[in-house]
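In: What follows is a protein structure lacking sequence information:
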């Protein structure tokens, strides 16, 4: 089995590229989606997060905006949050691996792969990238996003150029969808996965 990591900075188009791999028959583990589920209504991490960060939980689970306001500017709080979240994600990932152990390849969408030192656990790393002005335009179009918040998020992330240099493959998403799809097909071919898994 080939274990593929898909990473890239905020607003680069990781989810779009992940869906293309999924359409080609590659099971996808989306770390962010798992975190949202674990922090959502009835999620198993809601109680622990509320205990450490009072006022962040409500009927819809964790208020991610309220939580990010509390932790983004404080490295100690962020480390405490990660110590709660990472084991939960790890458990779900272990089950995903077990459920798909007979597949030729699996894709793991992990935004902070390099930042958390996780690159070594994978056979191939794909970095999704776009020029800085395209990234900025996409991110600032998101609800509730501000220049300040974007700056804080980017400060936590390894520079795009460095990610590109470390990657086995780079997918540039600054063109149209068909150009991105061609790049994904090329990667699948290079990995001997053809176009159908």
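Out: Structure's in. What do you need? It should be emphasised that the depicted structure is a prediction, and the values quoted were computed from it without experimental measurement. Numbers count the residues shown, from 1 in each chain.
In: now the strands: where do they sit in this protein?
Out: 2-7, 28-30, 57-58, 61-62, 105-109, 124-129, 169-172 (DSSP state E).
In: Of all these, which one is nearest residue 115?
Out: Residue 115 lies closest to strand 2-7 among the strands of the chain, at 9.1 Å (Cβ to Cβ). C-beta here means a position set from N, CA and C on the backbone, and glycine is covered the same way.
In: if we can go back for a sec, can you put the strands of the chain in CSV and add mean pLDDT?
Out: Below are the strands of the chain laid out as CSV (pLDDT from 0 to 100):
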stretch, mean pLDDT
strand 2-7, 96
strand 28-30, 95
strand 57-58, 90
strand 61-62, 94
strand 105-109, 96
strand 124-129, 97
strand 169-172, 97
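In: now the ones you listed as TSV including mean neighbour count?
Out: Below are the strands of the chain laid out as TSV (neighbours: other Cβ atoms under 10 Å):
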stretch	mean neighbour count
strand 2-7	22
strand 28-30	21
strand 57-58	16
strand 61-62	21
strand 105-109	23
strand 124-129	24
strand 169-172	20
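In: Could you check how many residues crowd around the closest residue in space to residue 157 that isn't next to it in sequence?
Out: Closest residue to residue 157 apart from its sequence neighbours, by Cβ to Cβ, 6 or more residues apart in numbering: residue 9 at 4.9 Å. Residue 9 has 24 neighbouring residues, counting by other Cβ atoms under 10 Å.
In: Next, residue 9: phi, psi?
Out: Main-chain torsions, residue 9, degrees, to the nearest 10: phi -70, psi 170.
In: Can you name the residues that contact residue 93?
Out: By Cβ atoms under 8 Å, 6 or more residues apart in numbering, the contact list for residue 93 reads 29, 31, 34, 108.
In: hang on, isn't the first one packed against residue 96?
Out: It stands for residue 29. Yes - between residue 29 and residue 96 there is a contact under Cβ atoms under 8 Å: 4.8 Å.
In: Need the overlap of contacts for these two.
Out: In contact with both residue 29 and residue 96: residue 106, using Cβ under 8 Å, 6+ apart.
In: hmm, back to that, residue 154 is nearest to which of the strands of the chain?
Out: strand 124-129 (13.7 Å).
In: What strands line up against that closest one, and which way round?
Out: With DSSP bridges as the test, strand 124-129 is paired with strand 2-7 (parallel), strand 169-172 (parallel).
In: Tabulate those strands in JSON lines, adding columns for distance to residue 182.
Out: Shown next, in JSON lines, are the strands paired with strand 124-129 (distance: least, Cβ to Cβ, whole Å):
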{"stretch": "strand 2-7", "distance to residue 182": "17"}
{"stretch": "strand 169-172", "distance to residue 182": "10"}
